[in-house]
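Undergrad: Coordinates for the following, if possible.
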Amino acid sequence: MKNGVYSILKARFLVNEDATKNWRFIVFLILLAILMIANEHRYDQKIFRIAELTSEVKELRSEFVDKRSALMKLKMESTVSEKMIERKIFPSSVPPQKIKVKKPVEKSFFQKIWQ
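TA: From the prediction side, this is the model:
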């Protein structure tokens, strides 16, 4: 037991005759650790990007609501009539009338033949 701990502390497993297997495993572990660190870094970048985009979406949504309310105000009849009065165009005193157009009744094939 004591001899095994001393051999690990003195790193004899790195200079033995089968040290190439140990070195391969150590290099594999180092590459795996580098890969995990890089993956964690990319994950953090994506989290920051998502937070940034979420705040941008909130800003754009509030701007959209503001613009929509301004548009609704501009579309109101009172606002339009005020703008037209400035141009000397006044609202009509006669209310509009609905025009109905009747389509001619389509005759069936047999009715067309008998005429």
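
Undergrad: Please make it C-alpha for all contacts and neighbour counts, starting now.
TA: Will do.

Undergrad: Could you say which helix or strand holds residue 31?
TA: In the assignment (DSSP states H and E), residue 31 maps to helix 19-75.

Undergrad: What's the first helix or strand after that helix?
TA: On the C-terminal side of helix 19-75, the closest following helix or strand by DSSP H and E is helix 77-86.

Undergrad: which strands and helices sit next to that following helix?
TA: On a contact count with 3 or more Cα pairs under 8 Å, 6 or more residues apart in numbering; DSSP states H and E, helix 77-86 meets no helix or strand.

Undergrad: Tell me what angle it forms with helix 19-75.
TA: 60 degrees (axes from the mean of the first three to the mean of the last three Cα atoms, to 10 degrees).

Undergrad: that older thread, what about the helix holding residue 31, average pLDDT?
TA: Mean pLDDT, helix 19-75: 94.

Undergrad: from the chain's centre, how far out does that helix sit?
TA: 13 Å (Cα atoms, centre = their mean, to the nearest Å).

Undergrad: Tell me the helices and strands packed up against that helix.
TA: Secondary elements touching helix 19-75 (3+ Cα pairs under 8 Å, 6+ apart): none.
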